[in-house]
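In: quick one: sequence plus predicted model below, questions after.
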Amino acid sequence: MKKIGIIRCQQTEDMCPGTTDFKCAGAGTSAFEPFAPCEIVGFVSCGGCPGKRAVLRAKMLVGRGAEVIFLASCIRKGSPIGMPCPNYEAMKAAIEKKVGDAVPVIDWTH
């Protein structure tokens, strides 16, 4: 079973408990399909705009066993607030640089 970490948008915490992320990860559907089924080792926020804390949080998730980092769909797609993260590309690039090539960073969940 693949161990994963999920980073979500801090602005959506009050509106989304991550239920669909957990359901899809456990079932191995949506973005989790290539890694199915998945065990979530951590579910954290980006730390707020501009997302700089996400880099260290991704490294922390890897330190706790995550083999893949997922950026929740709220970051790239902007759901449920209808506003994608304006820092998404820079955040993803910084996370990829920090965790290295051995840890894939997937930019959506469901």
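Out: That came through, no problem. These numbers were taken from a predicted model, which means no experiment stands behind them. Numbers count the residues shown, from 1 in each chain.
In: how near is V44 to D101?
Out: Distance check for V44 against D101: by C-beta to C-beta, to the nearest Å, it reads 22 Å. Quick note: C-beta positions are derived from backbone N, CA and C, even for glycine.
In: the two: who's more crowded?
Out: Per other C-beta atoms under 10 Å, whichever of V44 and D101 has more neighbours is V44, with 16 against 7.
In: quick one: list the elements packing against the helix or strand hosting that one.
Out: For V44, the host element (DSSP states H and E) is strand 38-45. The contact analysis (3 or more C-beta pairs under 8 Å, 6 or more residues apart in numbering; DSSP states H and E) places strand 38-45 against strand 2-8, helix 19-27, helix 53-63.
In: make a markdown table out of those and add mean neighbour count.
Out: As requested, the helices and strands packed on strand 38-45 are exported to a markdown table (neighbours: other C-beta atoms under 10 Å):
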| stretch | mean neighbour count |
| --- | --- |
| strand 2-8 | 23 |
| helix 19-27 | 17 |
| helix 53-63 | 20 |
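In: next secondary structure after the helix or strand of the chain with the lowest mean pLDDT?
Out: None of the helices or strands of the chain scores lower by mean pLDDT, DSSP states H and E than helix 73-76, at a mean of 94. Next helix or strand after helix 73-76 toward the C-terminus (DSSP H and E): helix 88-99.
In: and for the helix or strand just after that next one, what are the contacting residues?
Out: Once the chain leaves helix 88-99, the next helix or strand it forms, by DSSP H and E, is strand 105-106. Identification of contacts with strand 105-106 by C-beta atoms under 8 Å, 6 or more residues apart in numbering yields A31, A58, V68, I69, F70, L71, K92, I95, E96, V99.
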